[in-house]
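Student: Just a sequence and a predicted model for now, questions to come.
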Amino acid sequence: MIRTCVFYTAAVPSTILFCLLSITGGLLGAKHAFFDWVHRNWARGLLWVAGIHIDVEGLEHLKSGRPQIIMANHQSFLDIWALMSVLPVSLRFVAKSELTKVPLLAGAMRTAGHVFIDRSRASRTVDTIRSAGMRMHKEGLSLVLFPEGTRSYDGKLGRFLRGSFALAIETGAHLIPVAVDGGHVVCPRGAWRISSGTLSIRLAPAVPLSECSSSDRDRLSADTRETIRSMLDRARDS
């Protein structure tokens, strides 16, 4: 309980600071490196307060400056900070449009280059991702997608949304399957408590999407899910 209270006491002012730094950086025309620095330090500070350690393998599969889609499973809101803290690329997230209702956070995320999608409006979502894909290729950005669409209650890998892979194919980038495990233990969905512990992150080799079409969506989804499931199993057995 003490750790949980300390974490949230730190999370509020640090998030406000993150937002203000990002918005200020945008007004001053800051480069991607500035936003990367803000993201990583924000994430690392909060994970340290929470007593969370990250065990990561497979970073060699990431290439700095190459447009990449990070396709990861999702167990806890801590997953976002875990990925920000250790992945050595210019990382941006695909977020639900509901976050646009949080004024300061939404402004900071837009300024930093994160992408909002409204899944109830498919045509607009495709246009948004196409635009993001062009930015990825031009600016060497990597986007994170959570294909389950929501967090797991028990750590079990959920059903992947087919639309996530249709969007990924639209970018023509490289897809990196990523398995994140431990979040359901240290911060279960539906609970506010934070426990110290370790999150494991495993990355698989990149899959080029430039030659993929919409007809490859189901195969790509099944292959990616199996890759992530296999990495989760190996991480839990080690």
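Tutor: That came through, no problem.

Student: Helix or strand, whichever it is, which one in this structure has the lowest mean pLDDT?
Tutor: helix 122-139 (a mean of 81; mean pLDDT, DSSP states H and E).

Student: Only the buried residues of that helix, if you could.
Tutor: Across helix 122-139, burial judged by 16 or more other Cβ atoms under 10 Å covers 125, 128-129, 132-133, 135-136. In short, each C-beta sits where N, CA and C put it, glycine included.

Student: can you tell me which residues contact the residue sitting nearest the centre point of the chain?
Tutor: Nearest to the mean C-alpha position of the chain, by Cα atoms, centre = their mean, lies residue 144 at 4.0 Å. Applying Cβ atoms under 8 Å, 6 or more residues apart in numbering to residue 144 gives the contacts 69-70, 72, 80, 83, 91-94.

Student: so what's residue 236 closest to, chain neighbours aside?
Tutor: residue 181 (6.7 Å; Cβ to Cβ, 6 or more residues apart in numbering).

Student: from what I can see the one you found touches residue 200, true?
Tutor: Yes - in this structure, residue 181 is within contact of residue 200 by Cβ atoms under 8 Å, at 4.8 Å.

Student: Find residues that contact each of these two.
Tutor: residue 235.

Student: Show me where the chain has its helices.
Tutor: 2-27, 32-50, 78-86, 103-112, 122-139, 162-171, 183-186, 217-237 (DSSP state H).

Student: Arrange those helices in CSV, one row each, with distance to residue 60 as further columns.
Tutor: Formatted as CSV, these follow (distance: least, Cβ to Cβ, whole Å):
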stretch, distance to residue 60
helix 2-27, 29
helix 32-50, 19
helix 78-86, 13
helix 103-112, 26
helix 122-139, 20
helix 162-171, 21
helix 183-186, 24
helix 217-237, 15
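
Student: Would you single out the least confident of the ones you listed?
Tutor: When the helices of the chain are ranked by mean pLDDT, helix 122-139 comes last with a mean of 81.

Student: who are the neighbours of that helix, in terms of helices and strands?
Tutor: strand 115-117, strand 142-145, helix 162-171 (3 or more Cβ pairs under 8 Å, 6 or more residues apart in numbering; DSSP states H and E).

Student: Need the per-residue pLDDT for residue 213.
Tutor: Reading off the model, residue 213 has pLDDT 88.

Student: residues contacting it?
Tutor: residue 169.

Student: please renumber so the chain begins at 755
Tutor: Right, with 755 as the first residue, what we last looked at is residue 967.

Student: Could you check how far it is from residue 807?
Tutor: 41 Å (Cβ to Cβ, to the nearest Å).
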